[in-house]
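J.: this one's sequence-less:
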Ligand SMILES: [Zn+2]
């Protein structure tokens, strides 16, 4: 091989590497991306559509506070171009996994883009419980995807715009439904403190025996305090959560006489056949359950 031919081959290879053919639709050409848990997974799917090959680490009904990653999760992270995470101290197991895989993928922490809430325990990671924050998540997903896949920028832009329109309608629907409930009845008990952003946006107070993470169990003192609170303020309903042990909520309902509401989706979607299989469905379900239990 002449040195000129060799040089041309090197140049050609370099050019191909710099401009991969992302417009192809074969499975192998899809952009490999990872989402840390089911809610972010849905948002990435809404924006990325057919252009991404998505792996969600903590799936439906899973508790991302206390997840135990597997070697298969590590392999997916090692191969990913983008790794979408919530941040705000939500996925405590994630940094070690990312370090172990030595991935070259870009970590995109979505919750860091919103105004974070915090309490004496630290940051409250559950920003997705306010629909206006999810709009910010979606814009960040759109920009990150377009950054590594410029050929898809227009698709991501269109998908994000259409989805944000649906989010705006959802937000208005929630405000309308819950504002119809008398303010003094808008008090409920959940298991862990996952609804701070929801409370701030939609005006429903949540009392929770367990803190912002499911990692530490509720103490006897915390449970007694909630039972007193429920009796004092007459919170009309106690809700179960899809990521928490139902026994605590059942006990509080039994000891206070509060109504046992349905199950709220706090930190995870339902499975595909459930009524919270997407973010929008999950929020609609929660608001329907709240309205049903709190109606005078
Ligand atoms: Zn949580």
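T.: Now that the structure is in, tell me what you want to look at. Predicted, not measured: the structure shown is a model, and the values here were computed from it. Numbers count the residues shown, from 1 in each chain.
J.: how about the helices of this protein, start to end?
T.: 3-18, 38-48, 71-79, 94-101, 131-148, 153-179, 196-202, 220-233, 246-256, 279-294 (DSSP state H).
J.: ok, which residues in the protein are in contact with the ion?
T.: 194, 267 (Cβ under 5 Å from the ion). Placement of C-beta: from N, CA and C, glycine included.
J.: Please tell me how far residue 217 sits from the ion.
T.: 14 Å (Cβ to the ion, to the nearest Å).
J.: how about the nearest residue to that residue, chain neighbours excluded?
T.: residue 210 (7.0 Å; Cβ to Cβ, 6 or more residues apart in numbering).
J.: what pLDDT does the one you found get?
T.: Looking at residue 210, its pLDDT reads 90.
J.: Please name the nearest non-neighbouring residue to the closest residue to the ion within the stretch 51-200 of the chain.
T.: Taking Cβ to the ion, the ion has its nearest neighbour within the stretch 51-200 of the chain at residue 194, 4.2 Å off. Using Cβ to Cβ, 6+ apart and skipping the chain neighbours, the partner closest in space to residue 194 is residue 266 (3.9 Å).
J.: closest one to residue 112 among the helices of the chain?
T.: Residue 112 sits nearest to helix 131-148 of all these, at 8.8 Å, using Cβ to Cβ.
J.: circling back: give the contact list for the residue of the stretch 51-200 of the chain closest to the ion.
T.: Residues in contact with residue 194 (Cβ atoms under 8 Å, 6 or more residues apart in numbering) are 126, 129, 206, 208, 212, 241, 266-267.
J.: Settle this for me: the residue nearest to residue 217 is touching residue 191, isn't it.
T.: Yes: counting by Cβ atoms under 8 Å, residue 191 is a contact partner of residue 210 at 5.7 Å.
J.: Name the residues contacting each of those two.
T.: 218, 244, 248.
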